[in-house]
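# fold the following.
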Amino acid sequence: MDTLRALELRHSVRSYTDQPLSGDVLTTLQKLVKEANKEGGLHIQLVLDRPKAFRGLLAKIGRFKNTKNYFAMIAKKNKGEELGYYGQKIVLEAQKLGLNTCWASGTFGKDADAYDIDRGEKLFAVIAVGYGTTNGNPHKSKSFDDVVKGKDLPDWFTAGANAALQAPTALNRQPFTLSLGKKDKVVLDKASGLDRGILKYNFEVGAAAKGCKKVDWK
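Sure, this is the predicted structure:
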């Protein structure tokens with residue numbers, strides 16, 4: 001499965017089976033975390049068999065069931081965008097492994113002894129991961145014209161924008177806009193922090209499928 005196909009198939013899943021993360025799957029996830037931390041200057045940690053974060057009132061609001069494995073998305077306080085970018089990369093690679101995931105930034109409880117937070121860092125969010133009881137459903141999305149400014153856009157930009165529309169955003173509001181600036185620089189407005197990083201990664205996956213080797217961001 002290529003990354004674009006993983007992006008198309010991936011939907012948020014909040015209910016999981018008891019099948020553990022083990023063997024080659026676990027090894028690959030640990031490798032992905034290590035690479036993301038090195039490349040992005042992050043402190044992501046994979047937490048296994050810890051259901052505490054998904055119990056209590058907040059978890060009930062988020063409708064999580066049997067969720068016990070997650071990525072603790074930790075980094076310096078100014079690293080939200082990088083965390084979103086590399087977190088989404090991990091999410092799509094997990095999809096390729098036959099796993100399901102769900103970003104959660106406000107509907108999880110504290111589980112402070114399950115991960116390490118160094119001075120100057122914060123826990124931005126968690127990403128539930130495991131074998132879902134379902135594969136989830138597509139989220140309601142804005143249209144292409146709702147978020148894209150401009151006409152006669154190149155194929156790679158159109159593909160990138162369509163991929164961005166499939167990205168998870170806070171409360172699924174999709175407040176962002178995309179346009180093509182001078183020298184083919186992509187302008188992403190009305191998005192910050194985790195959302196901005198997630199959107200950038202999805203856009204780059206879509207653009208790459210149309211031959212764009214490198215997206216220049218303004």
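# from now on I want contacts and neighbour counts done on CA atoms only, so please keep to that.
OK.
# mind listing what the residue most central in space within the chain touches?
If you average the C-alpha coordinates of the chain and look for the closest C-alpha using CA atoms, centre = their mean, you land on Q88, 3.0 Å from that point. Under the criterion of CA atoms under 8 Å, 6 or more residues apart in numbering, the contact partners of Q88 comprise 197-198, 201-202.
# most neighbours, which of those residues?
For the contacts of Q88, the largest neighbour count, defined by other CA atoms under 10 Å, is 28 neighbours, found at N202.
# now the helix or strand hosting that residue: how far from the chain's centre is it?
Assigned by DSSP states H and E, N202 falls within helix 193-208. When C-alpha coordinates are averaged (CA atoms, centre = their mean, to the nearest Å), helix 193-208 and its chain have centres 9 Å apart.
# past the helix or strand in which the residue nearest to the centre of the chain is found, which element shows up next along the chain?
Secondary structure assignment for Q88, by DSSP H and E: helix 80-96. Per DSSP H and E, helix 80-96 leads on to strand 100-104 as the next helix or strand towards the C-terminus.
# surely I90 meets K31?
No. Under the criterion of CA atoms under 8 Å, I90 is not in contact with K31, lying 10.0 Å apart.
# can you pick out the residue with more neighbours from those two?
Of the pair I90 and K31, I90 is the one with more neighbours under other CA under 10 Å, namely 20 against 12.
# now do the more buried one against L99, distance only.
Taking CA to CA, to the nearest Å as the measure, I90 and L99 are separated by 11 Å.
# now swap in K34 and tell me
Distance from K34 to L99, by CA to CA: 19 Å.
# out of the two, which sits in the busier spot?
Using other CA under 10 Å, the more surrounded residue of K34 and L99 is L99, with 20 against 16.
# contacting residues for the more buried one?
Contacts were defined as CA under 8 Å, 6+ apart; by that measure L99 touches 129-132.
# what pLDDT, on average, does the one helix or strand E35 maps to get?
Using DSSP H and E, E35 falls within helix 23-40. Averaged across helix 23-40, pLDDT comes to 98.
# how about that helix: buried residues?
Residues of helix 23-40 classed as buried: 29, 32-34, 36-37, 40 (neighbour count, 16 or more other CA atoms under 10 Å).
# now do it against helix 80-96, angle only.
160 degrees (axes from the mean of the first three to the mean of the last three CA atoms, to 10 degrees).
# who are the packing partners of helix 23-40?
If contacts are counted by 3 or more CA pairs under 8 Å, 6 or more residues apart in numbering; DSSP states H and E, helix 23-40 sits against strand 45-47, helix 80-96.
# could you report the neighbour count for C102?
Other residues within reach of C102, judged by other CA under 10 Å, total 21.
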